[in-house]
Structure formats: structure tokens, C-alpha cells
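[1] model this:
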Amino acid sequence: MPDPAARRRTAVLISGRGSNLRALIEHCARPGASAEIALVVADQPGAPGLEHARAANIRSEIIDQKTRIELERKLNRLLQSFDVEIICLAGFMRVLSPELVAAWRDRLLNIHPSLLPAFRGLETHRRALEAGVRFHGCTVHFVRAEVDAGPIIVQGVLAVSPDDTPESLAARVLTLEHRCYPAALELVASGRAQVVNERVPIDGASAPETLLLNPVA
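    Numbering: from 1, shown residues only. You can find the predicted model right below:
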């Protein structure tokens, strides 16, 4: 388990507006947080989320290399130079290579707007409504080579309303994401959530595998 007095150095990778980045920054600014955001990396020079890093005086870098090999080489150099221990993918719209995922195994987190393993991929809210599910939400998980797969750390759940649209459902799930991602990072950075046989017991217990957050409707 990590030293409780040491804050785990974390990098957040973004491509767009960075609303989850902002939630992570706010959490890590609190006294007693187990992680600190040491670096923000964007693959788009105009990513609006970079403003959150600048406002918080966090170092930000842009990696916009055309090939995945070039991009991942620069990314690895950056992560190593900043002594990064944990990576959070927060709307980073690049599929990472199996080699990079393996190098950061159990230290690389992602958030996905569905209750995995349901609705992997894109347009999750539209697909959830078309399927007629009663509950929807988001998942924070450790990354594996397969897209939108890996041991689940935290899930947030909400009831689907009869009058939900993909847009309204997306907005409500995004609010959940802003609670779930900081909770997951805290669990991992504090050592309370670790992978055991491709599952994530909390505090070493065999259950629950996930922390369930239920917002007030």
C-alpha cells in the first residue's frame, strides 16, 4: 500500500472540454487527498480543458504527433520526466497501444459513460434508450488492451426517465462522472482499491467489486 503521507503523482490526458479534469483537480486540491495532479496532457492544441490546468497552475503539455508510435513515445517521456505514478484518461480520444497499456497496467484509469460491460464504444446514451434499459450510468475502470474493458473500480447509477433524450441523459450521466472519477482516483491513490484476479475489492474485501454511487433523482 502506498505511503499514506505521500500524494500519488497523477497525469490526466484529455482531448476536449476537460470537465472531468476539473472535477479531479478540485478533489486533489482538498486537504488529505491521496493524489495530486502533476501534469495535464492534451492531444489537441485547442482543447478547452487546458484552461482548467492553467487556472490551477498545473503544468500542461500538448502532444499532437500524427502517428501513434510518435505520440506514445513523447507521452512516455513526459510521464517519466514528471515522475507520474497514475494516469487518468478523461475524454482522451486516442486508443492506446497494447504495449503502452501493459507498461502502465493497474495504474491507468478510464471513465466510460455506461454501466460496463454494457454499451461499450460510442453513442452510449442513444443506445441505452433504444435498448429500453431502466438504469444507466458510468464506469471507472482500469484499462486493458481491449477498448472499454478492464477491472471495474467505481460505477455510478441513475434511473432512466421516460422523457429522457440522449442529450438529457448525457447531461445527467456527466454529473455522475464528476463524482465517480474523483472517488475512483482516491481509492486507487490511497491503496484501498487494487486489482486481485482481475477484480477490484475495496479495502481488501472480496465484495463489493465496485463502489456504487446513487444520486438523488
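
[2] please count neighbours and contacts with C-alpha atoms only from this point.
    OK.

[3] you'd agree L169 is in a strand?
    No: applying DSSP: H, G, I helix; E, B strand; the rest coil, one finds L169 to be helix, outside a strand.

[4] quickly find the element holding the residue lying closest to it once chain neighbours are set aside.
    Using CA to CA, 6 or more residues apart in numbering and skipping residues adjacent in sequence, the residue nearest L169 is H125, 6.4 Å away. Assigned by DSSP states H and E, H125 belongs to helix 124-131.

[5] can you tell me the average pLDDT over that helix?
    Mean per-residue pLDDT for helix 124-131: 98.

[6] right, and the helix or strand after that helix?
    Sequence-wise, the next helix or strand downstream of helix 124-131 (DSSP H and E) is strand 135-142.

[7] ok so, going back, can you count the residues close to the residue nearest to L169?
    Neighbourhood size, H125 [other CA atoms under 10 Å]: 23.

[8] check the one 5 residues further on too.
    Using other CA under 10 Å, E130 has 10 neighbouring residues.

[9] that one and L78, how far apart?
    According to CA to CA, to the nearest Å, E130 and L78 sit 42 Å apart.

[10] dump the residue contacts of the residue nearest to L169.
    P113, S114, P166, E167, L169, A170 (CA atoms under 8 Å, 6 or more residues apart in numbering).

[11] look up how far D64 lies from it.
    Applying CA to CA to H125 and D64 gives a distance of 29 Å.

[12] before we move on, what about T124?
    To D64, T124 is 27 Å away according to CA to CA.

[13] please identify which of the two sits among more neighbours.
    Using other CA under 10 Å as the criterion, T124 and D64 rank with T124 on top: 22 against 14.

[14] tell me the domain ranges of the chain?
    For the chain, automatic domain parsing gives the domain ranges 7-104, 111-217.

[15] determine how far the last residue of the first one lies from the first.
    Start to finish, the residues bounding domain 7-104 are 18 Å apart (CA to CA).
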